[in-house]
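Novice: heads up, no residue letters with this:
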């Protein structure tokens, strides 16, 4: 009986990996570019936003510090007065890389609103790899920020990457999502709009 349960679990994991791989990878290990698979992937990631949690009451968080692309120390309080979507990510995290262009689009969509997307890299090696990634993916609207210590993950109670936390204009946490999503989807836009009118 125990062997049967273990076999079932292994089969489930293998099945999940196969489905994920079929949506995101081609036979030679490169990402598929055909429209059908991209649409399936985007729809799946858009649906993940159903798991976004809006808290009943805003939660106070520590005003943590990190560095910008020029080595200047920044803090979340620098964004006071704006609704902020904080995204913790790293270049070695595949799902983080997948969702970054949609975060760029989300920032562009709300460029005339009191809203910002702050993506903070957890790359310990510095800004070299994140900068190359932004250049390669033609990320135009997001600014580069980094926390080489990765302490932000613990301070923000992130269990993994990517982790996305929504803050109100007073810097309090009002919602979060663990894992990747399609941040330029209709559902994501409604989440931001809801936060802006609170």
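Specialist: Perfect, thanks for sending it. A quick note: this is a predicted structure, and the numbers were derived from the prediction, not measured.
Novice: where along this protein do the helices fall?
Specialist: Applying DSSP state H to the chain gives helices spanning 2-24, 35-47, 94-109, 128-136, 151-155, 186-197.
Novice: Quick check: the residue nearest to residue 169 when sequence neighbours are not counted vs residue 113, distance?
Specialist: Distances taken as C-beta to C-beta, 6 or more residues apart in numbering place residue 81 nearest to residue 169, at 5.4 Å, with adjacent residues excluded. (Each C-beta comes from the backbone N, C-alpha and C, glycine too.) When distance is defined by C-beta to C-beta, to the nearest Å, residue 81 is 12 Å away from residue 113.
Novice: still on that earlier bit, and for the residue nearest to residue 169, the neighbour number?
Specialist: Using other C-beta atoms under 10 Å, residue 81 is surrounded by 10 other residues.
Novice: State the phi and psi torsions of it.
Specialist: Main-chain dihedrals, residue 81, degrees, to the nearest 10: phi 100, psi -10.
Novice: Low-confidence stretches in this structure?
Specialist: Applying pLDDT under 70 to the chain flags residues 1-46.
Novice: Could you rerun that using 90?
Specialist: Regions of the chain meeting the criterion pLDDT under 90 cover residues 1-47, 198.
Novice: Give me the buried positions along stretch 124-140.
Specialist: Using 16 or more other C-beta atoms under 10 Å as the test for burial, stretch 124-140 gives 127, 130-131, 133-134, 139.
Novice: How about stretch 161-178?
Specialist: Quick answer for stretch 161-178 (16+ other C-beta under 10 Å): 161-169, 171, 173-178.
Novice: How about stretch 153-161?
Specialist: 153, 156, 158, 161.
Novice: Also stretch 90-104?
Specialist: 90-91, 93, 95-104.
Novice: for stretch 80-91, same thing?
Specialist: Neighbour-count burial for stretch 80-91, counted by 16+ other C-beta under 10 Å, picks out 82-91.
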